[in-house]
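**Student:** Here's a sequence, model it:
(2 chains)
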Amino acid sequence: MSNAEATHPIIPPQQSYADVTDQLAGIPLHFPTRRIWLIALFASSLLLGLLFVSAVVLFSEGVGIWGLNIPVNWAFAIHNYVWWLGIGHAGTLISALLLLLGREWRNSLNRFAETMTLFAVVCAGIYPILHLGRPWFVYWMFPYPATMQVWPQFRSPLEWDIWAVLTYLTVSIVFWYIGLVPDLAAARDRARRRGWQIFFGVLSLGWRGSALHWMRWNQAYRLLAALAVPLVVSVHSEVSLLFAAGTIPGWHSTIFPPYFVMGAAFSGFAVVAMIAIALRALFSLHNLVTVDHLDLLGKVLLATGLMTAYGYVFEIFDALYSGGAHEFQTLKDRFTGDYWWSYWGAVVFNFVVLQALWWRGIRRTPWMLFAIATSVAIGMWLERYMILVTSLYRDFLVSSWGFYRATFWDWAVYAGTIGLFFFPFLLIIRLLPVISIFETKEVLHEEHEDIRHA
Amino acid sequence: MPEAFGLLAEFETPEALVEAARETRAKGYRNLDAFTPFPVPELYSVLRLRDDRVLWLGLFGGIFGFAVALGMQLFTNFDYPINVGGRPLYALSAFAVVAFELTVLFAALFPAIGMLALNGLPRLHHPIFSARAFARASRDRFFLCVLADDEQFDARETERFLRTLGSASVELVRS
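**Tutor:** Model prediction:
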């Protein structure tokens, strides 16, 4: 802990361990704000219903109900896949990277950030399956001894994709659950009603906080964190290879892996900030998710945003330096082509609005940070759209020039995945401790020590 | 099994617990355990806890995952060779992504599952849960337990000693 942090405790240190435990374990046990939660759950279940309807229509009619066609044959399906997956990455980064770096402020944010990761990855993961056209053949992606005696093509980025995403989902679930077990035990010990005792009793696996158990837990948790950080980088680099491994102008660039990873972190931190602001208002968590946390999130958002902006600059440089006529044409298409609004929209929503975060007062005003984070989520959505469509709609030959417009069913599936994200997320914040209890107590312990030493 | 599981002493701060653990060990007790609401790393050295098996499992998991991934990709291309524009069949650079992913997958799964297994979890019940004060071990109290199978354990003598350490309560836990 640096001196600045020591003199400025991130969490008000006058709280006791008991206060924190009872407050956080009490959220699922004595749930406040039932009305707002029910309204949100109802709204997201409508969206989830829309997803089911869209999927049924899609599977019976085929992907022709979407607007994609040659030449823009990868449209909303991969666009939203990349967007959702990118959002998910920030949850892992905030939890794992900041754990390894010893930034304790992450302890108020990691639980819901990781929960966000899980469901964002699920939303991303269903897109390729929906996009298959024949989703019942999804198992062809796995190497099983088929009667046709063929194997998957391991030299294709599309095959890499399923291994990367499934690994990422599995490791995210394990990391999330291992971190959750001690808190489930705390909730179990607070529960008074039989149902809750059984629910938390079974889920907490009999955790009792023995010193030897904590030691092994710590080893496993830090090891998982150390694996999760390169995993995030590898997964989104691999996603960018879906693009960069092809020769399409505007995609075939070495900047793509870092550009995608930074953009993923950027959009994800924006959504983490939005969720943090919403949850602290909903559950009155101002004592644990403080304005100092929002200040730090604002700074991280600004930093990752500027790194993403570097990707934009380098893309222009790349096109000019390559000397390729089609690269240059794609650049011009982005600036002034039919989809100019997606390029300039991305620039404005991502980077122009972002500059407000240079001001401390704005970072520390929840609704302003929320508005800027929303702008970033929209901007990054436009960016993924721009990268896809502006490259595909005019490639090398005039014969393969075309136009793309999203149809009603494109939008319906996209809106449906928002329901697929929020519905389980709302259930989790209803049923489980939404902020890590024992890690918050660790921070308090350190703050108490600092005060004693000072 | 002896009738008692051990003696459980309750402390109000982690520092008091660490100090008490140190004195209990100095007194000659060896079979100790501590229960805390969050990890207290100072306890590991005081209680002489050493176990690196979780970390080794991570290493073995990684090696296992890497070998499986590479073997799988080499074998499928050997078993059903597809010539794609004359590119090499055994393309290590193309195999790198799946090899990396499976390395990470098993390097994560082995220690995660191994940690639970070494800790004897999941477990539906444990004698310590019958202790009156123990519900606070996940809240705000820090416990030291002298296990009954310790050579020096004597229900009355040990209890008297634990009370001298500034504990908030001392309780006999039945097995």
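**Student:** Quick check: residue B:27 vs residue A:223, distance?
**Tutor:** Going from residue B:27 to residue A:223 by C-beta to C-beta, to the nearest Å gives 35 Å. For the C-beta atoms, the positions are set from N, CA and C on the backbone; glycine is no exception.
**Student:** Sorry, wrong one. I was asking about residue A:80.
**Tutor:** From residue A:80 to residue A:223 the distance is 33 Å (C-beta to C-beta).
**Student:** can you list the domains in chain B?
**Tutor:** Residue ranges for each domain of chain B read B:4-51+B:125-174, B:53-118, as given by automatic domain parsing.
**Student:** Helix or strand: which one has whichever residue of the stretch 301-450 of chain A sits closest to chain B?
**Tutor:** Nearest residue of the stretch 301-450 of chain A to chain B: residue A:438, at 4.2 Å (C-beta to the nearest C-beta). Assessed by DSSP states H and E, residue A:438 sits inside helix A:437-453.
**Student:** Residue A:357 against residue A:368, yeah?
**Tutor:** No. If you go by C-beta atoms under 8 Å, residue A:357 and residue A:368 don't touch, sitting 9.1 Å apart.
**Student:** the helices in the stretch 101-250 of chain A, which residues?
**Tutor:** A:110-131, A:157-190, A:194-203, A:211-244 (DSSP state H, counting those that start in this stretch).
**Student:** Reformat the ones you listed into JSON lines and put mean pLDDT and mean neighbour count next to each item.
**Tutor:** Converted to JSON lines, those look like this (pLDDT from 0 to 100; neighbours: other C-beta atoms under 10 Å in any protein chain shown):
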{"stretch": "helix A:110-131", "mean pLDDT": "92", "mean neighbour count": "23"}
{"stretch": "helix A:157-190", "mean pLDDT": "92", "mean neighbour count": "22"}
{"stretch": "helix A:194-203", "mean pLDDT": "93", "mean neighbour count": "15"}
{"stretch": "helix A:211-244", "mean pLDDT": "92", "mean neighbour count": "22"}
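**Student:** out of these, nearest to residue A:443?
**Tutor:** helix A:110-131 (11.5 Å; C-beta to C-beta).
**Student:** quick one: the closest one near chain B?
**Tutor:** No. Using C-beta under 8 Å from any C-beta of the partner chain, helix A:110-131 stays clear of chain B, with a minimum separation of 13.9 Å.
**Student:** chain center to that helix, what's the gap?
**Tutor:** Its chain's C-alpha centre lies 7 Å from the corresponding centre of helix A:110-131 when counted by C-alpha atoms, centre = their mean, to the nearest Å.
**Student:** what angle separates it from helix A:437-453?
**Tutor:** 150 degrees (axes from the mean of the first three to the mean of the last three C-alpha atoms, to 10 degrees).
**Student:** and the angle for helix A:110-131 with helix A:211-244?
**Tutor:** 40 degrees.
**Student:** And helix A:110-131, what does it pack against?
**Tutor:** Packing partners of helix A:110-131 (3 or more C-beta pairs under 8 Å, 6 or more residues apart in numbering or on different chains; DSSP states H and E): helix A:76-92, helix A:157-190, helix A:256-282, helix A:408-431.
**Student:** what's the following helix or strand after the third one?
**Tutor:** Downstream of helix A:256-282, the next assigned helix or strand under DSSP H and E is helix A:291-322.
**Student:** just the first one next, same as before
**Tutor:** Following the chain from helix A:76-92 toward its C-terminal end, the next helix or strand by DSSP H and E is helix A:98-100.
**Student:** which residues touch stretch B:71-82?
**Tutor:** A:143, A:149-155, B:89-90, B:95, B:98-99 (C-beta atoms under 8 Å, 6 or more residues apart in numbering or on different chains).
**Student:** could you redo the last one with a cut-off of 6 Å?
**Tutor:** A:143, A:150-151, A:154, B:89, B:95 (C-beta atoms under 6 Å, 6 or more residues apart in numbering or on different chains).
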